[in-house]
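Visitor: after the sequence you'll find the predicted model.
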Amino acid sequence: MGTGRTGTEPKQEKKKLSRSFGLLALLGVILVVAGLVGLVYTGLATLTSMFLFGWLLLIGGVVGLAQAVQSRKSNHFWLAVIVAAVNIAAGLVILRRPEASAEALTMFAALLFLTGGLFRLVGALVVRGPNFGLTLVQGAFGVLLGILVLWGWPGSSQYVIGAFFSLALLFDGLSLIVLGMGARRILGLVREDGEDAGAAEGGGAVGTQDAAGKGSAPDQPASGQEASNN
């Protein structure tokens with residue numbers, strides 16, 4: 001009974017793991033579909049991302065304020081209250097004015113790309129390390145992207161945030177699909193190896209039983225002869 005339980009428990013665990021990784025791959029498919037839809041309807045994706053961002057800030061601010069009230073005797077009470085109030089105010093502003101918030105966030109992203117690309121270019125030219133070419137290309141791409149976003153601003157705010165959000169969903173979904181399918185394939189290989197090992201052990205046990213039976217069979221006539229001689 002003990003060996004039966006120990007034999008079935010690993011199989012059940014493998015089935016649970018396989019089901020979990022299958023759900024992970026399914027979540028990846030959903031994210032990929034959402035990313036592709038967002039790339040087609042970038043304006044809708046921009047508004048959706050801004051509403052999600054606003055609600056996250058609002059909920060995070062409320063939770064932070066509740067935690068600050070609970071720990072009001074600590075030294076960082078007023079700092080936690082100020083941070084929570086800023087999050088709540090920013091969330092309310094984004095939810096009330098999503099278009100203007102998207103314009104401000106697009107400007108911030110463009111300046112971030114521009115300054116980051118400039119720092120990469122200067123660092124690549126000064127250091128000239130082993131990844132000089134790759135760093136130079138990354139810096140030039142960042143500068144070019146920042147200039148393009150700023151050139152079309154504020155009209156670019158209607159699709160830039162949505163495009164970035166959709167691309168993030170797309171690549172996250174692809175990584176989840178690869179992870180889930182690869183893990184299921186590894187579990188299948190482990191299961192096949194376990195079955196082969198079990199079959200080999202079963203064959204070895206049968207062989208030893210046959211050998212024992214053949215070894216004990218000649219002893220029976222000998223014992224019969226001894227009985228007749230007596």
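Guide: Received the coordinates, thanks.

Visitor: and the residue sitting nearest the centre point of the chain, what is it in contact with?
Guide: Against the mean C-alpha coordinate of the chain, by Cα atoms, centre = their mean, the closest residue is residue 176 at 5.4 Å. Residues in contact with residue 176 (Cβ atoms under 8 Å, 6 or more residues apart in numbering) are 24-25, 27-28, 31. C-beta coordinates here come from the backbone N, C-alpha and C atoms, glycine included.

Visitor: quick check: closest non-adjacent residue to it.
Guide: Spatial nearest neighbour of residue 176, excluding adjacent residues (Cβ to Cβ, 6 or more residues apart in numbering): residue 28 at 3.1 Å.

Visitor: so that neighbour touches residue 177, yeah?
Guide: Yes: using Cβ atoms under 8 Å, residue 28 makes contact with residue 177 at a distance of 3.7 Å.

Visitor: burial count for residue 134?
Guide: 12 (other Cβ atoms under 10 Å).

Visitor: also the one 5 residues further on?
Guide: Taking other Cβ under 10 Å as the neighbour definition, residue 139 ends up with a count of 20.

Visitor: that one and residue 79, how far apart?
Guide: For residue 139, the distance to residue 79 (Cβ to Cβ, to the nearest Å) stands at 36 Å.

Visitor: for residue 88, same thing?
Guide: Relative to residue 79, and taking Cβ to Cβ, residue 88 is found at 15 Å.

Visitor: have a look at the two and say which one is more surrounded.
Guide: A count of neighbours by other Cβ under 10 Å puts residue 88 above the other of residue 88 and residue 79, at 18 against 11.

Visitor: does that one lie in a helix or a strand, and which?
Guide: helix 77-96 (DSSP states H and E).

Visitor: elements contacting that helix?
Guide: On a contact count with 3 or more Cβ pairs under 8 Å, 6 or more residues apart in numbering; DSSP states H and E, helix 77-96 meets helix 42-70.

Visitor: relative to helix 77-96, how tilted is the helix it packs on?
Guide: Put simply, helix 42-70 runs at 160 degrees to helix 77-96, going by axes from the mean of the first three to the mean of the last three Cα atoms, to 10 degrees.

Visitor: next SSE downstream of the helix holding residue 88?
Guide: helix 98-127.

Visitor: so what does that next one touch, helix or strand wise?
Guide: helix 42-70, helix 132-151, helix 160-216.

Visitor: including mean pLDDT and distance to residue 12, could those go into JSON lines?
Guide: Listed next are the helices and strands packed on helix 98-127 as JSON lines, based on pLDDT from 0 to 100; distance: least, Cβ to Cβ, whole Å:
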{"stretch": "helix 42-70", "mean pLDDT": "90", "distance to residue 12": "38"}
{"stretch": "helix 132-151", "mean pLDDT": "86", "distance to residue 12": "47"}
{"stretch": "helix 160-216", "mean pLDDT": "70", "distance to residue 12": "12"}
